[in-house]
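> Need the 3D shape of this:
(one chain, ligands or ions: 1)
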Amino acid sequence: MSKSPKVFSVLGIPVHVMSNYPSWLLECVQQSRGTHVITLNAEMTMQAERNSTLAKVIHDAELVIPDGAGVVLYLKWLFWQKVQRCPGIELAETLLRELGQKQKGTKVFFYGGAPGIAAASANFWQQQAPNLHVVGTHSGYHSPEEEEKLRQTLVQLQPQVILVGLGVPRQELWIAQNRHLCPHAIWIGVGGSFDIWSGSKTRAPAWLGNNNLEWLYRLYQEPWRWRRMLALPEFALKAFVYRLTEKSAI
Ligand code: UDP
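Numbers count the residues shown, from 1 in each chain. The predicted structure is shown next:
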C-alpha cells in the first residue's frame, strides 16, 4: 500500500494530502477496501459547521481531497503547505480512464442527475474508455419505492466503484447511509459531474480554474447559486480570523 496521506485540519474539517490520489484509489479497488471519497471545498466546509451529521460523515470518510481553491489557499496560508488542487471531477475522470485501461473488469455504477443524465454519462464514458465496465445507471430523482429498488440492484450487482451525483450534502449523507450495501466499493460524491459528462453543462475554462475563479463561472451559469456562494467570503473571513488568533497565540 502506498504511503498514508498527511491529514490537515481546515477549520476543524480533515483534508488528506498525498501526491497521487488516483493510484491510491486504484489500490483500494484492487484490495476491495471500502472507501468513501469526499471532495472538500470552502462551501462544504461551511455547511459542515452548521450540519453536525455532515461533519461526522466527513470525519469518518477514508479520503477527503482538496477539491476547492479555498481549501488549497487555506493550507498555504495556515500550514505553509504547497498542495495541488484536486477537483473531484478530474479525480473521477482519471480513475475511470485508468480502470478502463488497467482493471478492465471493474464494475462501475453511476447514480444521480436528472432522468437520462447518468445514462448519457455512461454512453460518453463508453466512448472515452471502451473497456470500462459500467454495470448500471440510475437517475437522482425518484420515489422512495424506486430508491428501494435501486438499493436492491446495488446489493445484487456489487459494483466496485459507485459515483453518486446528488449535490452536497445529499450525496455525502446518502453514501454514509448506504455504503454498507456494497462494503468493498469505492463511493465518490461527484456533484454535478454527470451534467458535464452528458454535455448538458460545461465546465469553466481552464484559465478561470487556474486563477481560482471557477466559482465565478458557476455563478454566471447558475445565478441562483449566489446565496450558497456567500459561504465563500464567510470561509475566507473565518480563515483570516483563525490565522490572526493563531499568530497571537504563538
Ligand atoms: N440532483 C439529483 N437529485 C436531487 C438533487 C440534485 O440527482 O434530488 C443532481 C442534480 O441534477 C445535479 C447534481 O445533483 O446533477 C448537483 O449538482 P451541483 O453542481 O449542484 O453539485 P454541488 O455543487 O452541490 O456539488
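> The residue in the chain positioned nearest to the ligand: how many residues sit nearby?
Nearest residue of the chain to the ligand: residue 140, at 1.9 Å (CB to the nearest ligand atom). (C-beta placed from N, C-alpha, C; glycine too.) For residue 140, the neighbour count with other CB atoms under 10 Å is 21.
> got the contact list for it?
111, 112, 113, 114, 118, 165, 166 (CB atoms under 8 Å, 6 or more residues apart in numbering).
> and those as CSV, adding neighbour count, pLDDT and secondary structure?
Converted to CSV, the contacts of residue 140 look like this (neighbours: other CB atoms under 10 Å; pLDDT from 0 to 100; DSSP: H, G, I helix; E, B strand; the rest coil):
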residue, neighbour count, pLDDT, secondary structure
111, 26, 98, strand
112, 27, 98, strand
113, 27, 98, coil
114, 14, 98, coil
118, 25, 98, helix
165, 27, 98, strand
166, 21, 98, coil
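> what's the most distant pair in those residues?
Farthest-apart pair in these is 111 and 114; separation 12.6 Å (CB to CB).
> sec struct for residue 134, please.
strand (DSSP: H, G, I helix; E, B strand; the rest coil).
> Just give the nearest non-adjacent residue to it, would you?
The shortest distance from residue 134 to any non-neighbouring residue, by CB to CB, 6 or more residues apart in numbering, is to residue 122 (4.5 Å).
> how about the strands in this structure?
Counting by DSSP state E, the segments of the chain that form strands are 6-10, 13-17, 35-40, 63-66, 107-112, 133-138, 161-165, 186-189.
> Redo those strands as a markdown table? Include distance to residue 176.
As requested, those are arranged in a markdown table below (distance: least, CB to CB, whole Å):
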| stretch | distance to residue 176 |
| --- | --- |
| strand 6-10 | 19 |
| strand 13-17 | 15 |
| strand 35-40 | 7 |
| strand 63-66 | 13 |
| strand 107-112 | 14 |
| strand 133-138 | 18 |
| strand 161-165 | 11 |
| strand 186-189 | 9 |
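> Put together a markdown table for those, with distance to the ligand on each row.
Below are these laid out as a markdown table (distance: least, CB to the nearest ligand atom, whole Å):
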| stretch | distance to the ligand |
| --- | --- |
| strand 6-10 | 17 |
| strand 13-17 | 16 |
| strand 35-40 | 8 |
| strand 63-66 | 13 |
| strand 107-112 | 4 |
| strand 133-138 | 9 |
| strand 161-165 | 5 |
| strand 186-189 | 7 |
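> Figure out which of those strands is closest to residue 87.
Between residue 87 and these, the shortest gap by CB to CB is with strand 35-40, which sits at 7.4 Å.
> Show me what that closest one is packed against.
helix 21-30, helix 52-60, strand 63-66, helix 88-102, helix 170-178, strand 186-189 (3 or more CB pairs under 8 Å, 6 or more residues apart in numbering; DSSP states H and E).
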